[in-house]
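# Here is my input, please return the structure:
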Amino acid sequence: MDMQYAYHHSNTLLCRPGFWQSCFAAFGFVPVIRPPPMIRHYHSDLLSRPCSNSITLFAVNKIHDKSSESHLIDTIPNVDLTSQPRIAIVGGGIAGVTAANALSKKLSSNNITAKIVIFEGDEYGSTNEVNFTNHQQPSWLAATARNANTICPGASMHVMSQRKTLFKIMKDTVREWYEERLEMIQRRLQKNHLATDHLLRSDNFQHPPPYFALHLLRCLGTSASWEERATFLTFLTSFLKTSLFCTEHDVHERGKLIHQLAKSNRVLFLEAINSSDGLASKTGLSRGFISLYRNKQDAVHDFEEGKSYGEEFSLLSYEEAVKLEPRIQNLPINEEVVAVHRRADYTADCAVFIKDLTNRITHEYGVEYKSGLKGEIQGITAAKYAIEDSRSIIGSKALATDPVAKKQRFSLRTKDGRSHDFDFVVLAAGINTPLFARMLSIGDSCPTYPLRGYSLTMYSDKLSAEETKAASSKNLLNQPIKIDDMYCSSVGANMARIAGFGELVGYRDKATNVPSVAPRVLTRYGKTLFPESKIKEANALQCFRPLSPDDLPIVGPVHSVPGVFIHSGHGTLGWTLCLATSECLATALTDEIVGIKQAEIFHLPGDISIERAQLSPDRFM
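Down below sits the predicted model:
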């Protein structure tokens with residue numbers, strides 16, 4: 001058998017075609033067995049072989065001189081297709097469930113049966129269902145249950161990571177601090193009957209409220225753990241680098257990419273709705289969205305931008321907007337307000353959709369969903385161990401001369417004290433994804449950070465005669481509304497939800513007592529739009545979203561730790577992007593399982609093509 005020699009800092013070996021010349025040039029003098037032709041040409045006939053074949057391949061690790069850390073050059077992991085690949089998905093919200101759905105379908109189409117388990121730490125994750133008739137509030141803490149329920153490709157191209165956003169964050173932070181102090185003074189004066197209810201500038205509808213807030217002491221102070229501080233610093237470094245040094249072209253290209261994903265997501269969403277009987281009515285599906293602008297210049301800019309992206313936009317006068325949604329006239333804003341009607345945006349109950357999708361994949365594909373103590377992950381470890389039988393089996397032939405292979409395996413420890421072993425791990429845990437990534441020493445590959453928002457669910461039982469007659473077939477709002485960066489939507493005949501704000505205040509369990517003007521502002525807008533509703537400021541719920549430093553989702557394998565994949569960083573666009581990005585994840589993971597060399601392009605429904613490198617976790621390295 002032919003021999004080549006290559007020197008390498010580790011003793012790990014790779015039997016993969018097309019790699020030997022580069023291996024020889026880069027490394028030097030350790031013996032490597034040259035694979036026979038049947039292995040060298042396995043790519044061409046792998047898909048025609050039965051899926052019961054066992055494929056054992058080897059990995060090469062490259063040690064970088066600067067950091068002495070092990071990074072994979074080119075990976076095809078050991079996968080024995082005679083047994084089920086074991087895949088853990090950490091996170092049972094929209095990112096995790098859509099990933100499990102896409103992966104189940106992709107593997108099934110390749111005649112591969114896998115064991116897929118979703119781990120969700122919130123006990124309400126798998127059972128969450130809000131009863132609007134009983135005026136319930138969502139118990140599930142995930143953004144999946146507390147978002148604005150809007151799928152908005154028409155607004156997806158607007159990115160945050162640019163220079164003007166940095167100035168807005170600083171401006172809004174100072175303004176919010178000022179407003180909070182005034183509110184404190186006002187309450188003290190009101191207690192002594194010395195003030196009315198309109199002292200604050202944010203109580204004046206002629207001034208849009210602050211959207212951003214940055215609480216550095218909460219992100220870096222003593223209330224944050226070392227790991228939480230590290231994730232903030234990692235995020236902040238990448239966010240500042242992206243925002244300060246990007247050009248207008250960079251911003252446009254990132255917005256264009258996000259919009260491409262959103263277009264494909266819309267196609268997949270409509271396919272899913274149409275494939276399930278009654279899901280459209282259960283989710284309160286509606287089409288169309290009205291975005292209100294305080295000046296015509298901004299409206300015309302967004303209208304022309306949307307048209308350039310191929311969206312169905314139309315410019316509306318104030319009167320035309322009121323005809324589409326009469327409650328707009330309740331807002332005491334100047335009638336010079338101009339509106340853009342985004343006709344191809346949708347509204348649907350995200351939590352109901354995910355609940356339905358969870359039921360489908362558990363019944364059709366045998367996916368397990370563990371929640372509560374059984375689903376709360378407390379530790380993830382990766383370990384390499386030698387395979388007892390060092391022989392590779394390709395088809396029916398055994399190569400006894402093959403060296404001992406190394407497998408990457410993962411152990412997940414849950415709060416109930418049990419350990420679970422898996423071949424692959426998908427980190428899709430929303431805001432907690434970077435904390436799990438740091439357990440595997442890959443924190444730099446997932447530089448996301450929680451962005452706190454608020455949502456307020458309102459109920460109205462005093463419907464007009466016409467509304468009561470049509471209650472079973474329409475939502476409380478004819479068309480969702482966007483005003484001052486707040487989204488107001490409805491997915492039920494007697495309910496509406498208003499949501500917004502973006503605050504960097506640390507992680508959820510440490511941020512509950514961090515003050516914000518958001519609950520007060522949402523309550524004021526809600527009472528104005530729905531004067532018949534009994535709205536309490538205390539009902540405003542925190543909603544945390546995983547913000548990526550460059551606005552792009554983080555999707556794909558982490559090559560420094562083979563077998564780990566990330567599906568996170570969707571920010572405020574989880575409902576608008578997750579179905580599409582889950583297809584990307586499923587393609588990448590399936591390619592790795594079956595041993596196909598990964599192409600450079602993801603091909604998505606809607607005739608969309610996305611470069612893998614643009615979403616890869618490795619882009620931050």
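
# Report the buried residues of the helix or strand where Asp356 lies.
Element membership for Asp356 (DSSP states H and E) is helix 350-364. Within helix 350-364, the residues scored as buried using 16 or more other Cβ atoms under 10 Å are 350-358, 360-362. Placement of C-beta: from N, CA and C, glycine included.

# Please apply the same query to stretch 111-123.
112, 114, 116-123.

# Next: stretch 318-334.
Using 16+ other Cβ under 10 Å as the test for burial, stretch 318-334 gives 318, 321-322, 325, 327-328, 331, 333.

# ok, now stretch 214-221?
214-215, 218-219.

# hmm, back to that, model confidence over the helix holding Asp356, on average?
The average pLDDT within helix 350-364 is 95.

# Can you spell out which helices and strands pack onto that helix?
helix 94-109, helix 143-146, helix 279-282, strand 368-371 (3 or more Cβ pairs under 8 Å, 6 or more residues apart in numbering; DSSP states H and E).

# Please identify the most buried of the ones you listed.
Mean neighbours per residue, mean count of other Cβ atoms under 10 Å, is largest over these for helix 143-146, with a mean of 28.

# Using CSV, write down the CA coordinates of that helix.
Provided in CSV are the C-alpha atoms of helix 143-146 (Å, rounded to 0.1, in the frame of the first residue of the first chain):
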residue,chain,number,x,y,z
ALA,A,143,-39.4,35.2,23.4
THR,A,144,-41.2,32.5,21.4
ALA,A,145,-44.3,33.1,23.7
ARG,A,146,-43.8,36.9,24.4
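
# how distant is the helix or strand just after that helix from the center of its chain?
Next helix or strand after helix 143-146 toward the C-terminus (DSSP H and E): strand 150-151. Distance of strand 150-151 from the chain centroid (Cα atoms, centre = their mean, to the nearest Å) equals 14 Å.

# returning to what we had before: so which of the helices and strands packed on helix 350-364 comes closest to Arg545?
Among those, the nearest to Arg545 by Cβ to Cβ is helix 143-146 (5.0 Å).

# That closest one packs against which elements?
Looks like helix 143-146 contacts helix 350-364, strand 541-547 (3+ Cβ pairs under 8 Å, 6+ apart).

# Let me have those in CSV, adding distance to Gly430 as columns.
Output for the helices and strands packed on helix 143-146, formatted as CSV (distance: least, Cβ to Cβ, whole Å):
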stretch, distance to Gly430
helix 350-364, 12
strand 541-547, 5
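
# wait, which of these is closest to Ser568?
strand 541-547 (5.1 Å).

# averaged over its residues, what pLDDT does that closest one have?
Strand 541-547 comes out at a mean pLDDT of 97.

# what's next to that strand, contact-wise?
137-138, 143, 146-147, 160, 235, 430-431, 433, 448-457, 499, 502, 507-508, 511-512, 568-572, 574 (Cβ atoms under 8 Å, 6 or more residues apart in numbering).

# Neighbouring strands - and their directions - for that strand?
strand 449-459 (antiparallel) (DSSP bridges).

# Show me how far the strand it pairs with is from its chain's centre.
16 Å.

# all strands for the stretch 51-200 of the chain, in order.
54-55, 60-63, 70-74, 79-80, 86-90, 115-120, 150-151 (DSSP state E, counting those that start in this stretch).

# about what we covered before: okay if I get the helices and strands packed on helix 350-364 as a markdown table plus distance to Gly417 and mean pLDDT?
Output for the helices and strands packed on helix 350-364, formatted as a markdown table (distance: least, Cβ to Cβ, whole Å; pLDDT from 0 to 100):
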| stretch | distance to Gly417 | mean pLDDT |
| --- | --- | --- |
| helix 94-109 | 22 | 97 |
| helix 143-146 | 27 | 93 |
| helix 279-282 | 37 | 94 |
| strand 368-371 | 13 | 96 |
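
# With respect to Ala437, which of those lies nearest?
Across the helices and strands packed on helix 350-364, closest to Ala437 is helix 94-109 (Cβ to Cβ), at 13.7 Å.

# what's that closest one packed up against?
strand 86-90, strand 115-120, helix 350-364, strand 424-427, strand 564-568, helix 574-594.

# and if we set it to 6 Å?
With contacts taken as 3 or more Cβ pairs under 6 Å, 6 or more residues apart in numbering; DSSP states H and E, helix 94-109 sits against strand 86-90, strand 115-120, helix 350-364, helix 574-594.

# Please work out which residues outside the longest one touch it.
Which is helix 574-594. 79, 85, 94-95, 98-99, 102-103, 106-107, 147, 151-152, 156, 261-262, 264-265, 268-269, 350, 553, 555-557, 565, 567, 570, 598, 602, 604 (Cβ atoms under 6 Å, 6 or more residues apart in numbering).

# does the closest residue to Met160 other than its chain neighbours sit in a helix, a strand or a coil?
What sits nearest to Met160 in space, not counting adjacent residues and going by Cβ to Cβ, 6 or more residues apart in numbering, is Asp551, at 5.8 Å. Secondary structure assignment for Asp551 (DSSP: H, G, I helix; E, B strand; the rest coil): coil.

# C-alpha coordinates for the helix holding Asp356, CSV please?
Listed next in CSV are the C-alpha coordinates belonging to helix 350-364 (Å, rounded to 0.1, in the frame of the first residue of the first chain):
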residue,chain,number,x,y,z
CYS,A,350,-45.7,32.1,17.3
ALA,A,351,-46.2,30.0,20.5
VAL,A,352,-49.2,28.2,19.0
PHE,A,353,-47.3,27.5,15.8
ILE,A,354,-44.3,26.1,17.7
LYS,A,355,-46.6,24.0,20.0
ASP,A,356,-48.2,22.5,16.9
LEU,A,357,-44.8,21.9,15.2
THR,A,358,-43.6,20.2,18.4
ASN,A,359,-46.5,17.8,18.4
ARG,A,360,-46.0,17.0,14.8
ILE,A,361,-42.3,16.2,15.0
THR,A,362,-42.8,14.1,18.1
HIS,A,363,-45.5,12.0,16.5
GLU,A,364,-44.1,11.8,12.9
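
# Redo the helices and strands packed on helix 350-364 as TSV? Include distance to Leu292.
Output for the helices and strands packed on helix 350-364, formatted as TSV (distance: least, Cβ to Cβ, whole Å):
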stretch	distance to Leu292
helix 94-109	27
helix 143-146	23
helix 279-282	27
strand 368-371	39
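
# Please name whichever of these is nearest to Ser243.
helix 143-146 (23.1 Å).

# sec struct for Phe602, please.
Applying three-state DSSP: Phe602 is strand.

# Now tabulate the buried residues of helix 350-364 in JSON lines and tack on distance to Asp618.
Output for those, formatted as JSON lines (distance: Cβ to Cβ, whole Å):
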{"residue": "Cys350", "distance to Asp618": "30"}
{"residue": "Ala351", "distance to Asp618": "33"}
{"residue": "Val352", "distance to Asp618": "36"}
{"residue": "Phe353", "distance to Asp618": "31"}
{"residue": "Ile354", "distance to Asp618": "29"}
{"residue": "Lys355", "distance to Asp618": "34"}
{"residue": "Asp356", "distance to Asp618": "34"}
{"residue": "Leu357", "distance to Asp618": "29"}
{"residue": "Thr358", "distance to Asp618": "30"}
{"residue": "Arg360", "distance to Asp618": "33"}
{"residue": "Ile361", "distance to Asp618": "29"}
{"residue": "Thr362", "distance to Asp618": "32"}
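
# Would you list the phi and psi of the residue nearest to Ser104 when sequence neighbours are not counted?
Distances taken as Cβ to Cβ, 6+ apart place Tyr365 nearest to Ser104, at 3.9 Å, with adjacent residues excluded. Dihedral pair for Tyr365: phi -120, psi 0, per degrees, to the nearest 10.

# Over to Ile290?
Note on Ile290: backbone dihedrals following degrees, to the nearest 10 are phi -110, psi 120.
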